[in-house]
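After the sequence you'll find the predicted model.
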Amino acid sequence: MGKIKESAQVISQEMIAGEIYSMWIRTDIAKEAIPGQFISVYTKSEARLLPRPVSICEIERDSLRIVYRIAGSGTKEFSGLTAGDYIDILGPLGNGFPITDEDSILIGGGIGIPPMLELAKQIKGNKTIVAGYRNSDIFLNKELEKYGRLVVATDDGSVGTKGNVIDAIREQKVCGKVIYACGPIPMLRGVKAYALETGIEAFISMEERMACGVGACLGCVCKSTGIDDHSKVKNKRICKDGPVFRASEVEL
Amino acid sequence: MIDLSVNIAGVEFKNPVMEGSGTFGSGMEYGEFVDLNRLGAVVTKGVANVPWPGNPTPRVCEVYGGMLNAIGLQNPGIDTFIERDLKFLQDYDTKVIVNVCGKTVEDYLEVVERLGNEAVDMLEINVSCPNVKEGAIAFGQKADALYNITKEIKDRAKQPVIMKLSPNVTDITEMAKAAEAAGADAISLINTITAMKIDINKRTFALANKTGGLSGPAIKPVAVRMVYQAAGAVKIPVIGMGGISNAEDALEFIMAGASAVAVGAMNFHDPYTTIKVIDGIKEFMEKNKVSSIRELIGCVK
């Protein structure tokens, strides 16, 4: 089937934390989506030309769940949709996480936490999920707990370890053979350094301002450590070659 | 029978709809959505003699009715382009227009010569990218510089040459005339308009390059005006572009004097835009009993 653009029906929507919304939508994209992929979500207004890339949080047979933060007028519009409304989406986009049976550490920071839920559901080995939040306004924690040991870090120390996700990993003696991570760049830098230090393989999901979402415009590149086979320079397309890369492949 | 075909510098296009360079790669990615055989032409992203890394990120941002980009002409260089991108396009029944960029005249000439024996129908010379420091727009903002580079390219090119003009000039007719006088077979316009967005929360520029090129529906009225002025100033064909999002927009450009049109930033909003534009033009012609698209080219004087 490949990628499609379609009008998907909203099944439900709720606010799950401050400015964080969870939406279930009915879509054929669910049939081919894998954890770590994303969809492009379009606003109703042509004045907002570009789609919003949103990670996939959960995948059911004919529906997807997205969890997103209100970051501007486009995502604000999405948050106003209710059951029965339609929303234009395109996907599935990107490569997704490679699934292994090894004992794994799943690390999510802020709005990088949602893709860890479907990943946690699909990974078979023992897993520890490390979730980093700003404060006690935490989300998806109850669902994540169902699929593995949950370790929480908060910037203000109100829940779990005070500090970042790597502080939590050290304090709570988290171990595993492979790391999957999604979150802001400073967090990914910490994850990459930790992976290097411990010799654990790490897959990180990157983010950048996007336009086409399909690999044509070269808007959302990241720096690669070696010459990329497609670009022939040290750039990789986050939307097409990623968003998931081996930590060793990219410069952060 | 509706006739959508147009002839530009001896090249016969099945319809006047192509996509704007840089918004479509070489068609590989959008080929998953659009039957490339239906397009009048595929216009490739700009290619230079060697790979270019482009600008730092963020390279794109949205603005009301459009977007800014400062990709900086990242491209894999002519070798990979010929082996991979041109090979891919050979399997499609569409015309291939290769957009050529460079930092120096020699860079442009090297690419033009390399393409001489390849399956390429036309060359589009990018002398109007606002996002690279050397070359590109430096050749496109002064009439004598444009004249000189056009002449040098025309001396070496085996395919017909389209000069892609910048809107960031005082008088577009002067540039159009310079390209024509130097022997250009056609001109295309407009490239993006130099623009800026400030991120007030971060108190910095939205793009790492500080400025970027504005494209999308916001620039359409400017583009229509410039196409009208340019088409009135020269006899060579004009390919019109700038904010086209539907058939009505495309018809405005055609009536203003464009022999063909290109869909740019709107591909990002809807990957099927090119096909919808082709179908919409046909529908308009059926409804208004126009048998050939050529009757509409420049019909508004």
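Yes, it's here. What you see is a predicted model, and the numbers here were worked out from it, not measured in a lab. Numbers count the residues shown, from 1 in each chain, chains lettered A, B, ... in the order given.

The residue nearest to residue A:163 when sequence neighbours are not counted: neighbour count?
Of all residues not flanking residue A:163 in the chain, residue A:153 sits nearest, at 5.8 Å (Cβ to Cβ, 6 or more residues apart in numbering or on different chains). Quick note: C-beta positions are derived from backbone N, CA and C, even for glycine. Residue A:153 sits with 25 neighbouring residues when counted by other Cβ atoms under 10 Å in any protein chain shown.

Residue A:153 - that's part of a strand, no?
Yes: the assignment for residue A:153 by DSSP: H, G, I helix; E, B strand; the rest coil puts it in a strand.

Pretty sure it sits against residue A:170.
No: between residue A:153 and residue A:170 there is no contact, the gap being 10.4 Å when judged by Cβ atoms under 8 Å.

Touching, residue B:74 and residue A:231? I think so.
Yes: distance between residue B:74 and residue A:231: 6.7 Å, which falls inside the contact criterion (Cβ under 8 Å).

shared neighbours, those two?
With contacts taken as Cβ atoms under 8 Å, 6 or more residues apart in numbering or on different chains, the residues that reach both residue B:74 and residue A:231 are A:218, A:221.

residue ranges for the helices of the stretch 1-150 of chain B, please.
Assignment of helices within the stretch 1-150 of chain B using DSSP state H, counting those that start in this stretch yields the ranges B:78-80, B:87-90, B:105-114, B:143-156.

Nearest to residue A:7, out of these?
With Cβ to Cβ, the closest approach to residue A:7 among the helices of the stretch 1-150 of chain B belongs to helix B:87-90: 30.5 Å.

hmm, the closest one in reach of chain A?
No: for helix B:87-90 and chain A, the contact criterion (Cβ under 8 Å from any Cβ of the partner chain) is not met; the two come no nearer than 12.6 Å.

For that helix, what is the distance to the chain centroid?
Averaged C-alpha coordinates place helix B:87-90 at 20 Å from its chain's average position (Cα atoms, centre = their mean, to the nearest Å).

How about that helix, which residues are buried there?
Within helix B:87-90, the residues scored as buried using 16 or more other Cβ atoms under 10 Å in any protein chain shown are B:88, B:89.

Repeat that for stretch B:247-267.
By neighbour count with 16+ other Cβ under 10 Å, stretch B:247-267 contains the buried residues B:247, B:249-267.

hey, C-alpha coordinates of that stretch in PDB?
Output in PDB follows, covering the C-alpha atoms of stretch B:247-267 (Å, rounded to 0.1, in the frame of the first residue of the first chain):
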ATOM      1  CA  ALA B 247      -6.300  25.200 -11.600                       C
ATOM      2  CA  GLU B 248      -7.700  28.700 -11.200                       C
ATOM      3  CA  ASP B 249      -4.300  29.900 -10.000                       C
ATOM      4  CA  ALA B 250      -2.600  28.100 -12.900                       C
ATOM      5  CA  LEU B 251      -5.000  29.700 -15.400                       C
ATOM      6  CA  GLU B 252      -4.200  33.100 -14.100                       C
ATOM      7  CA  PHE B 253      -0.600  32.600 -15.000                       C
ATOM      8  CA  ILE B 254      -1.400  31.200 -18.400                       C
ATOM      9  CA  MET B 255      -3.800  34.100 -19.200                       C
ATOM     10  CA  ALA B 256      -1.100  36.500 -18.000                       C
ATOM     11  CA  GLY B 257       1.200  35.000 -20.600                       C
ATOM     12  CA  ALA B 258       2.800  31.800 -19.300                       C
ATOM     13  CA  SER B 259       3.100  28.900 -21.800                       C
ATOM     14  CA  ALA B 260       3.500  26.500 -18.900                       C
ATOM     15  CA  VAL B 261       3.200  26.600 -15.100                       C
ATOM     16  CA  ALA B 262       4.900  25.000 -12.100                       C
ATOM     17  CA  VAL B 263       3.400  23.900  -8.800                       C
ATOM     18  CA  GLY B 264       5.900  24.500  -5.900                       C
ATOM     19  CA  ALA B 265       5.300  24.700  -2.200                       C
ATOM     20  CA  MET B 266       1.800  23.500  -2.500                       C
ATOM     21  CA  ASN B 267       3.100  20.000  -3.100                       C
END
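
where in the stretch 1-150 of chain A is pLDDT low?
Of all residues in the stretch 1-150 of chain A, those with pLDDT under 70 make up the ranges A:1.

got the residues of it near chain B?
Counting by Cβ under 8 Å from any Cβ, the residues of the stretch 1-150 of chain A near chain B are A:2, A:3, A:5, A:42, A:46, A:47, A:48, A:49, A:50, A:51, A:90.

and those residues as JSON lines, adding secondary structure?
Rendered in JSON lines, the data for the residues of the stretch 1-150 of chain A next to chain B read as follows (three-state DSSP):
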{"residue": "A:2", "secondary structure": "coil"}
{"residue": "A:3", "secondary structure": "coil"}
{"residue": "A:5", "secondary structure": "strand"}
{"residue": "A:42", "secondary structure": "coil"}
{"residue": "A:46", "secondary structure": "coil"}
{"residue": "A:47", "secondary structure": "coil"}
{"residue": "A:48", "secondary structure": "coil"}
{"residue": "A:49", "secondary structure": "coil"}
{"residue": "A:50", "secondary structure": "coil"}
{"residue": "A:51", "secondary structure": "coil"}
{"residue": "A:90", "secondary structure": "strand"}
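
what pairs with residue B:11 across the strands?
When bridges are called by DSSP bridges, residue B:11 pairs up with residue B:8.

Give the full set of residues in contact with it.
B:95, B:121, B:122, B:160.

Go again with 10 Å.
Residues in contact with residue B:11, defined by Cβ atoms under 10 Å, 6 or more residues apart in numbering or on different chains, are B:40, B:41, B:95, B:97, B:121, B:122, B:159, B:160, B:185, B:186, B:237.

Tabulate the residues you listed in TSV, adding columns for neighbour count, pLDDT and distance to chain A.
Supplementary listing: the contacts of residue B:11 in TSV, determined by neighbours: other Cβ atoms under 10 Å in any protein chain shown; pLDDT from 0 to 100; distance: Cβ to the nearest Cβ, whole Å:
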residue	neighbour count	pLDDT	distance to chain A
B:40	27	98	18
B:41	25	98	16
B:95	21	98	19
B:97	29	98	16
B:121	19	98	21
B:122	24	98	21
B:159	19	98	24
B:160	20	98	25
B:185	21	98	27
B:186	24	98	24
B:237	22	98	27
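
Please confirm that residue B:239 is located within a helix.
No: if the criterion is three-state DSSP, then residue B:239 is strand and not within a helix.

Please report how far it lies from residue B:218.
20 Å (Cβ to Cβ, to the nearest Å).

Settle it for me: which of the two has more neighbours?
Higher neighbour count among residue B:239 and residue B:218: residue B:239, with 29 against 20, using other Cβ under 10 Å.
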